[in-house]
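one predicted model, sequence on top.
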Amino acid sequence: IIDFLRRKQIGEEIRDLGLQGQLQKKGTPTMGGVIILIAILVPMLLVGNLGNVYVRLMLVSTVWLGLIGGLDDYIKVFRHRKEGLKGRFKIVGQVGLGIIVGTTMCLSPDIVVREKVTQPEQTVYTDADGTVVGSVQRNVVLSSESLKTTQTTIPFVKNNEFDYGWLTGGNSTATWLLYVLVAIFVVTAVSNGANLTDGLDGLATGVSVPIVAVLGVLAYLSGHIVYADYLNIMYIPDSGELVVFAAALVGALVGFLWYNSFPAQIFMGDTGSLAIGGVIAVFALCIRKELLLPLLCGVFLVESFSVMMQVGYFKYTKRRYGEGRRILLMSPIHHHYQKKGIFETKIVLRFWIISLLLALPMLLAERRVPSGKAGNNKYWMRAITIVFLIVLSCFNWVYATNVAFDTSEGTATTGVITRKRMEKGTKHRMSYYLEVSKPLTNETNTFSVSKSDYNRYDEQRVVTVTEHPGFWGAPYYDVTLPKTQGEDWHGQ
């Protein structure tokens, strides 16, 4: 498929945004999401239970969003319109899928939750004289019944089942409308979050693997009556069939990552990224774990927020001050890291680690906390551990926004280029750096530059180094060289 796409010249058109190694990716085959879709659909058609309502929902979601993403890529590649499919049409497609999923979950008679009917029973213990020495009260299971409900799971809460019908006072029509709105929001948010994350080689693919794996485990536990009873979690009949879909998706992602890892031989394009985010959202809705997604898909969430913050702050400052200012050097946030000179593979690996750290604790969030003091202690220890992991994984992101909100011009000093060096990242790519010494302070700063600037300027060249205080208190620097042959040079 990669060779076919290359022969047909279905390659990515790259805009020069000043990112390291960006222009070397020009012409790399795109629309690789087709490979992922085929790797999902073929196993499901062969071994999946096509009569299962959850399987049918997942197949419809995969094809639906794959077509929307494919149309977007087609417009970019063959119509040479970089913006692709207009955003409003993407939103219409995502809203349509949310309506289908929400309506099916509310109205299909095959989608139910099995609940146990219990009755309290008290056992009294007496001694030989008939004196009561103690008693124990427990709930005895009388039977189980299937309920048509809009219940979901709230993570890290003692009684963790919540019914959307509670918000509408039990009105069935209002509950359906509310649930459809929730489904629309979840599908749209996660799908667009995955789409924004797909900006570096292997980033969206690798981040999605632990998310899908955890959802697959939760689907297996929720669909197995013995494990669901043992773990005291919601039992969802027939949801275990979703494990087949999760296995197919994980296999497709790992297989695609083989060719999508740095340096990428193929890009997934919107064909893959929109579909991956959408099926993750629908999968979570099917097993009633959509409230886990803000943490489970934390990388997608941060990527989306970085864009919204950047755009919102730029528009606000443009209205107020007459010129737009930026929080990050560039959004989404993975490009901000690139602008700071961090190599692409390091950014991707760190995002993978963060995704794994956020995904694993979600397995602990599923089980209901037992009653009593011991249960509460276990709950708080678990919650503190998870919060610590989240704070740890977000620390690097907070530091990365150091240049945010810093509107000061900074303090300028004179520096001298003391050393030029190249670092070999891969067989075909090099990184170029200039080390600048400031004689007045005896400090040395390293700046990432392009190959042309590296070749243009020699050692012992006098430059201007500007120190900015930074929003978070840690300084950052930029360097400016005088004009040479009518050109300016600026590095960070």
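Ah, there it is. Residues are numbered from 1 along each chain as shown.

now the helix or strand hosting residue 221: how far from the chain's centre is it?
Using DSSP states H and E, residue 221 sits within helix 203-222. Between the centre of helix 203-222 and the centre of its chain there are 11 Å (Cα atoms, centre = their mean, to the nearest Å).

likewise stretch 198-216?
With Cα atoms, centre = their mean, you get 7 Å for stretch 198-216.

the helix or strand following the helix holding residue 221: how far from the chain's middle?
Next helix or strand after helix 203-222 toward the C-terminus (DSSP H and E): helix 225-231. Here helix 225-231 is found 30 Å from its chain centre; the criterion is Cα atoms, centre = their mean.

what's the strand or helix carrying residue 77 packed up against?
Per DSSP H and E, residue 77 falls inside helix 53-78. With contacts taken as 3 or more Cβ pairs under 8 Å, 6 or more residues apart in numbering; DSSP states H and E, helix 53-78 sits against helix 33-47, helix 87-107, helix 242-260, helix 269-286. Yep, even glycine has a C-beta here, placed from its N, CA and C like the rest.

buried set for the first one?
By neighbour count, with 16 or more other Cβ atoms under 10 Å as the criterion, the buried positions of helix 33-47 are 33-37, 39-41, 43-44.

checking the residue in the chain sticking out farthest from the centre next. Helix, strand or coil?
Outermost residue of the chain with respect to the C-alpha centroid, by Cα atoms, centre = their mean, is residue 129; its distance is 66.1 Å. For residue 129, the assignment made with DSSP: H, G, I helix; E, B strand; the rest coil gives coil.

roughly how far apart are it and residue 267?
Distance, residue 129 to residue 267, using Cβ to Cβ, to the nearest Å: 82 Å.

centre of the chain to the helix or strand harbouring residue 176, how far?
Following DSSP H and E, the helix or strand that holds residue 176 is helix 172-197. Using Cα atoms, centre = their mean, the mean C-alpha position of helix 172-197 is found 16 Å from that of the whole chain.

over to stretch 206-224?
Relative to its chain's centre, stretch 206-224 lies at 15 Å (Cα atoms, centre = their mean).

list the buried residues in that stretch.
Within stretch 206-224, the residues scored as buried using 16+ other Cβ under 10 Å are 206-224.

one more: stretch 56-67?
Neighbour-count burial for stretch 56-67 [16+ other Cβ under 10 Å]: 56-59, 61-62, 64-66.

so how far is it off the chain centroid?
For stretch 56-67, the distance to the chain centre is 19 Å (Cα atoms, centre = their mean).

repeat for stretch 462-469
Per Cα atoms, centre = their mean, the centroid offset for stretch 462-469 relative to its chain is 36 Å.

if you count neighbours, what's buried in it?
By neighbour count on 16+ other Cβ under 10 Å, the buried set for stretch 462-469 is 463, 465-468.

put together CSV for the helices and strands packed on helix 53-78, with mean pLDDT and distance to residue 134 on each row.
CSV is the format used below for those (pLDDT from 0 to 100; distance: least, Cβ to Cβ, whole Å):
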stretch, mean pLDDT, distance to residue 134
helix 33-47, 93, 54
helix 87-107, 93, 46
helix 242-260, 94, 44
helix 269-286, 94, 45
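
give me the below-cutoff pLDDT ranges for the stretch 51-200 of the chain.
By pLDDT under 70, the weakly predicted segments of the stretch 51-200 of the chain are 116-120, 133, 137-145, 156-159.

can we see that at 90?
Low-confidence segments of the stretch 51-200 of the chain (pLDDT under 90): 73-88, 109, 112-173, 198-200.

ok so, going back, residue 437: which of the helices and strands packed on helix 53-78 is closest?
Closest to residue 437 of the helices and strands packed on helix 53-78 is helix 242-260 (Cβ to Cβ; 40.5 Å).

for that closest one, output the C-alpha coordinates as CSV.
Once non-C-alpha atoms are left out, helix 242-260 reads as follows in CSV (Å, rounded to 0.1, in the frame of the first residue of the first chain):
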residue,chain,number,x,y,z
LEU,A,242,-15.8,-5.5,22.0
VAL,A,243,-12.5,-7.1,23.1
VAL,A,244,-12.2,-8.5,19.6
PHE,A,245,-12.5,-5.0,18.2
ALA,A,246,-10.0,-3.6,20.7
ALA,A,247,-7.5,-6.4,19.8
ALA,A,248,-7.9,-5.6,16.1
LEU,A,249,-7.3,-1.9,16.7
VAL,A,250,-4.3,-2.4,18.9
GLY,A,251,-2.8,-4.7,16.3
ALA,A,252,-3.5,-2.2,13.6
LEU,A,253,-1.9,0.6,15.5
VAL,A,254,1.2,-1.3,16.4
GLY,A,255,1.6,-2.6,12.9
PHE,A,256,1.2,0.9,11.5
LEU,A,257,3.6,2.3,14.0
TRP,A,258,6.3,0.1,12.5
TYR,A,259,6.2,2.3,9.4
ASN,A,260,5.0,5.5,11.0
